[in-house]
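> Got a predicted structure here, sequence first:
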Amino acid sequence: MSQMIESFMNAGASLSAQPLELEDADGTSPRGAVLVQGAHPLHSVKVQLQVRVGTVAMTLGELLAAREREVLRLERTVEDPVDLVLDGRVVARGDLVAVDGSFAVRITELPLPLAL
């Protein structure tokens, strides 16, 4: 095993993973601005929105050497917002929350409203 992979494996062994406590969403209606006002033909178009918690840079060798239960440290802290990604572009940001035992996102940042 190369020294780089060995040092990576040893660094991962010293990490202490802990469960993350998510805030429960309060269930109230949002009061912020909407992206598109009023009725619009785009409202019926279905899209696949992805939530990106973070990324990690590693070599293919490090990935191939990864083991079950290994911890990969992301570039973000637990306080940082997550990205809402549409077609590879960040369209909003938000906080991870829990709703009825499932992950959810409370939107905290939107771009300026679109004039369509």
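Happy to help now that I have it.

> CA atoms for contacts and neighbours, from now on please.
OK.

> which strand is the longest one in this structure?
strand 89-99 (DSSP state E).

> Who are the packing partners of that one?
strand 23-24, strand 82-86, strand 102-109 (3 or more CA pairs under 8 Å, 6 or more residues apart in numbering; DSSP states H and E).

> Let me know the angle separating it from strand 82-86.
130 degrees (axes from the mean of the first three to the mean of the last three CA atoms, to 10 degrees).

> Point out the most buried one among the helices and strands packed on strand 89-99.
Of those, the one with the most neighbours on average (mean count of other CA atoms under 10 Å) is strand 82-86, at a mean of 19.

> mind listing the helices in this protein by residue range?
3-13, 60-64 (DSSP state H).

> The ones you listed: lowest mean pLDDT?
Out of these, helix 3-13 stands lowest, with a mean of 47 (criterion: mean pLDDT).

> pLDDT weak spots in this structure?
1-38, 112-116 (pLDDT under 70).

> 50 instead, please
1-9, 11-13 (pLDDT under 50).

> What is the end-to-end distance of stretch 44-54?
Start-to-end span of stretch 44-54 (CA to CA, to the nearest Å) is 30 Å.

> scratch that, stretch 57-69 is what I was asking about
Stretch 57-69: ends 18 Å apart by CA to CA.
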